[in-house]
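K.L.:
Provide a 3D model corresponding to the input given below.
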Amino acid sequence: MLHTVRTVSLGHTSTSFFPFKPSHPSSSIAFYMEQSPFLSFNLKNSNQPRLTLQASSHKHEANAVSPRNEESVVHGLSETIVGVLGGGQLGRMLCQAASQMAIKVMVLDPQENCPASSFSYQHMVGSFDDSATVEEFAKRCGVLTFEIEHVNVTTLEKLEKQGVVCQPKASTIRIIQDKYLQKVHFSKHGIPLPEFMQIDDLEGAKKIGELFGYPLMIKSRRLAYDGRGNAVAKSEEELASAVDALGGFDRGLYAEKWAPFVKELAVIVARGRDNTISCYPVVETVHRDNICHIVKAPADVKWKIRERATEVAFNAVNSLEGAGVFAVELFLTEDGQILLNEVAPRPHNSGHHTIESCYTSQYEQHLRAVVGLPLGNPSMKTPAAIMYNILGEEEGELGFQVAHQLMKRALTIPDASIHWYDKPEMRRQRKMGHITIVGPSLSILEGNLATIIEGEKLDDKTAVAPHVAIIMGSDSDLPVMKDAAKILEMFGVPHEVRIISAHRTPDLMFHYASSAHKRGIQVIIAGAGGAAHLPGMVAAMTPLPVVGVPVRGSTLGGVDSLLSIVQMPRGVPVATVAVNNATNAGLLAVRILSVADESLMSRMIQYQEDQKESVLTKGEKLEKLGWESYLNDSN
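P.N.:
Residues are numbered from 1 along each chain as shown. Below you'll find the predicted structure:
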């Protein structure tokens, strides 16, 4: 087989034809001519030409190439060349992560200008479903992996027998490719699933409809993604049209009992070559027209639901073979069950947010896993993140204009990042890019996302979310509570001040306390009058730290409030400070926040230094002037 090498450098393109085979298939990109000295390409420096290999049927042309006698090896974190079948947006982001780690990634994709092409170490133009092309591509790689599972699995099995390393394993790809076989596999391993059955004809479908009830989900076994390959029959009369919409029974279909889900969840799971398994936080996925539209991280569900979702995802991936990142899609039902929907053996749309929100992105993690490096930390480094898919709204140039306007609005949002896939053709519902926003809470990020989508200008007053809430039962407490606000202002901590009575507005108190953490509030300072109910009731309804400020009353001087606060029942903690000392409450809030904020910690240390300096200065002045002059001077 002869190949085309297309060299692109400084805007000029030249093409040569020559036969080659690998000299070091597991660690180098040097090729040599048959019966000729070595011919090598050094791609280490960014100013070197980028090579695009293209499968070709040209016959040998003598003297087409002048051979060179040197061989170059490009050094990096791993000398293993990672071959990726597919060069779409997932391949593109894999290449971007690889460039930061000095890992070389080759892609095989039929489109010469596929999204991954401009970022790849090398791009071979050819079909990842063609056996001969995949075998040819594999010779140049140390490990094969995938950004799309619709590949020639028979070829992968053949290559594995020849010693080619595929991650994940070909056996896993075979299971995942056929959604019916996937369900059978997971069912055998005790993974909770919606009920399902294969259907071969209309009569069989009707019997399953009687058994499972309606609506009934009809699915294609193969080549289905982004909602394609799914059809819903709401009644027996709609079965025939649902089957026809999927291409008929010859396509290979199965039926699935309708899962009455309330949310769709997903977990990105990574497994290393040493079988170490690491799970990312559970996310919620919101779909529009069966395409992932929005991803919220972490999912706003109870902790037990997160634990169960993670357990199901872990067990599902543990039942498969091979290393890499796997995306596990799940249903959360009305009665709190977690059911597995399907698994993708690759990076996934539900993990895009990890680039900005996690210590290790899913793309870096996939490369670590398939190469054999230690897995990275999958936890989130920001409290919340939201990902929005930029889908084609219009065809052609108009669609590009709409998408570009959306991205321009995103640039006005704090902590928003844009990822454009550089696809040359715009089509409706096509994934063209995505936007990720990170911040203190999902509710704030949802508001920012609405600003991007609706095109409204961001309100400066709401651009920065309050971190501390100062609440009191009456405005009569404000002269005391204002000191906490002054401290927070001095330290630059965003805050809000509200009047909320435990006795006169209990419903408002309940809603405020139970939702505060979702709005990004991190500490609550509550004034406590004579009854001192507000701090305790709020602490019973929120997971946040609550600092109660005993406010001096007319009868017992605030001692009643102090004693009431410190006698809270076990399980409902309320911190407190001296009577009428909202200054200390503000300082305590700052110290709580500074544990996770180096800038605040530094300012608190400086505050303490200033306090010390103030005392020393006063001491020197007293010593110098004497106490009488000191007092007269102070007056």
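K.L.:
surely V286 is in contact with H293?
P.N.:
Yes: with contact defined as Cβ atoms under 8 Å, V286 counts as touching H293 (5.3 Å). C-beta coordinates here come from the backbone N, C-alpha and C atoms, glycine included.
K.L.:
so where's the stretch 101-250 of the chain shaky on pLDDT?
P.N.:
Across the stretch 101-250 of the chain, the ranges flagged by pLDDT under 70 are 224-228.
K.L.:
50 instead, please
P.N.:
Along the stretch 101-250 of the chain, segments meeting pLDDT under 50 are nowhere present.
K.L.:
the stretch 351-500 of the chain now?
P.N.:
Scanning the stretch 351-500 of the chain for pLDDT under 50 picks out 460-462.
K.L.:
quick one: P345 and A323 touch, right?
P.N.:
No: taking Cβ under 8 Å as the definition, P345 is not a contact partner of A323, at 10.3 Å.
K.L.:
spell out which residues are contacts of both of these two.
P.N.:
Counting by Cβ atoms under 8 Å, 6 or more residues apart in numbering, the shared contacts of P345 and A323 are P168.
K.L.:
quick check: closest non-adjacent residue to F128.
P.N.:
Nearest non-adjacent residue to F128, counting by Cβ to Cβ, 6 or more residues apart in numbering: L85, 4.0 Å away.
K.L.:
ditto for V317
P.N.:
If the residues on either side of it in the chain are set aside, V317 comes closest to V269, at 4.3 Å by Cβ to Cβ, 6+ apart.
K.L.:
one more: L442?
P.N.:
Per Cβ to Cβ, 6+ apart, closest to L442 is A384, 4.7 Å.
K.L.:
cool, D274 as well?
P.N.:
G372 (7.7 Å).
K.L.:
contacting residues around the one you found?
P.N.:
For G372, the contacting residues are S78, T80, G272, R273, D274, A323, by Cβ under 8 Å, 6+ apart.
K.L.:
distance from the lengthiest helix in the chain to the middle of the chain?
P.N.:
Longest helix in the chain by number of residues (criterion: DSSP state H): helix 598-625. In this view, helix 598-625 has its centroid 45 Å away from the chain centroid, taken as Cα atoms, centre = their mean, to the nearest Å.
K.L.:
equivalent analysis for stretch 299-310, please.
P.N.:
Relative to the mean C-alpha coordinate of its chain, stretch 299-310 is positioned 16 Å out (Cα atoms, centre = their mean).
K.L.:
now it: buried residues?
P.N.:
Along stretch 299-310, these residues count as buried under the neighbour rule (16 or more other Cβ atoms under 10 Å): A299, V301, I305, R306, R308, A309, T310.
K.L.:
before we move on, back to that, looking at this, the residue nearest to V317 is in a strand?
P.N.:
Yes: under DSSP: H, G, I helix; E, B strand; the rest coil, V269 falls within a strand.
K.L.:
okay, and the beta partners of it?
P.N.:
Note on V269: beta-bridge partners C279, F326, judged by DSSP bridges.
K.L.:
OK, contacts around it?
P.N.:
Going by Cβ under 8 Å, 6+ apart, V269 touches I277, S278, C279, Y280, A313, F314, A316, V317, V325, F326, A327, V328.
K.L.:
what does L90 give?
P.N.:
Shown in contact with L90 (Cβ under 8 Å, 6+ apart): E147, I148, R346, P347, H348, Y363.
K.L.:
next one: the nearest residue to P545 once chain neighbours are set aside from K408, what distance?
P.N.:
Excluding the flanking residues, the one nearest P545 by Cβ to Cβ, 6+ apart is V523, at 5.4 Å. Distance of V523 to K408, given as Cβ to Cβ, to the nearest Å: 36 Å.
K.L.:
the two: who's more crowded?
P.N.:
In this view V523 and K408 are compared by other Cβ atoms under 10 Å, and V523 has more residues nearby, 25 against 12.
K.L.:
which residues does that one bridge with?
P.N.:
With DSSP bridges as the rule, V523 is bridged to V468.
K.L.:
was I right about it contacting V595?
P.N.:
No: V523 lies out of contact with V595 (Cβ under 8 Å); the separation is 11.1 Å.
K.L.:
so which residues of the stretch 501-635 of the chain form strands?
P.N.:
Counting by DSSP state E, counting those that start in this stretch, one finds strands in the stretch 501-635 of the chain at the ranges 523-528, 546-550, 575-576.
K.L.:
show me what the first one is packed up against.
P.N.:
When you say that, I think you mean strand 523-528. Applying 3 or more Cβ pairs under 8 Å, 6 or more residues apart in numbering; DSSP states H and E, we find strand 523-528 packed against strand 468-472, helix 478-490, helix 533-541, strand 546-550, helix 559-566, helix 582-594.
K.L.:
which other residues reach it?
P.N.:
Contacts of strand 523-528 (Cβ under 8 Å, 6+ apart): 467-473, 477, 480-481, 484, 513, 516, 534-535, 538, 542, 544-551, 561, 564-565, 582, 585-586, 589, 592-593.
K.L.:
just checking, next helix/strand downstream of the helix or strand V243 falls within?
P.N.:
Using DSSP states H and E, V243 sits within helix 239-245. Of the helices and strands lying after helix 239-245 in sequence (DSSP H and E), the nearest is strand 253-257.
K.L.:
neighbours of A582, how many?
P.N.:
28.
K.L.:
and the strands in the stretch 151-300 of the chain?
P.N.:
Under DSSP E, counting those that start in this stretch, the stretch 151-300 of the chain gives strands at 196-199, 216-220, 230-233, 253-257, 261-271, 277-279, 283-288, 291-297.
K.L.:
any idea which of these gets closest to T354?
P.N.:
strand 261-271 (6.9 Å; Cβ to Cβ).
K.L.:
hmm, who's touching stretch 466-474?
P.N.:
Residues external to stretch 466-474 that are found in contact with it (Cβ under 8 Å, 6+ apart): 440, 478, 481, 484-485, 488, 493-504, 512, 516, 519-527, 529, 534, 538, 551, 586, 589, 593.
K.L.:
and H511, what does it touch?
P.N.:
By Cβ under 8 Å, 6+ apart, the contact list for H511 is empty.
K.L.:
from memory L562 sits against V574, does it?
P.N.:
No: contact criterion Cβ under 8 Å: L562 and V574 do not qualify, at 11.1 Å.
K.L.:
related to what we said a few turns ago, got JSON lines for the contacts of G372, with pLDDT and neighbour count too?
P.N.:
Shown next, in JSON lines, are the contacts of G372 (pLDDT from 0 to 100; neighbours: other Cβ atoms under 10 Å):
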{"residue": "S78", "pLDDT": "75", "neighbour count": "21"}
{"residue": "T80", "pLDDT": "86", "neighbour count": "20"}
{"residue": "G272", "pLDDT": "97", "neighbour count": "20"}
{"residue": "R273", "pLDDT": "96", "neighbour count": "18"}
{"residue": "D274", "pLDDT": "95", "neighbour count": "10"}
{"residue": "A323", "pLDDT": "98", "neighbour count": "26"}
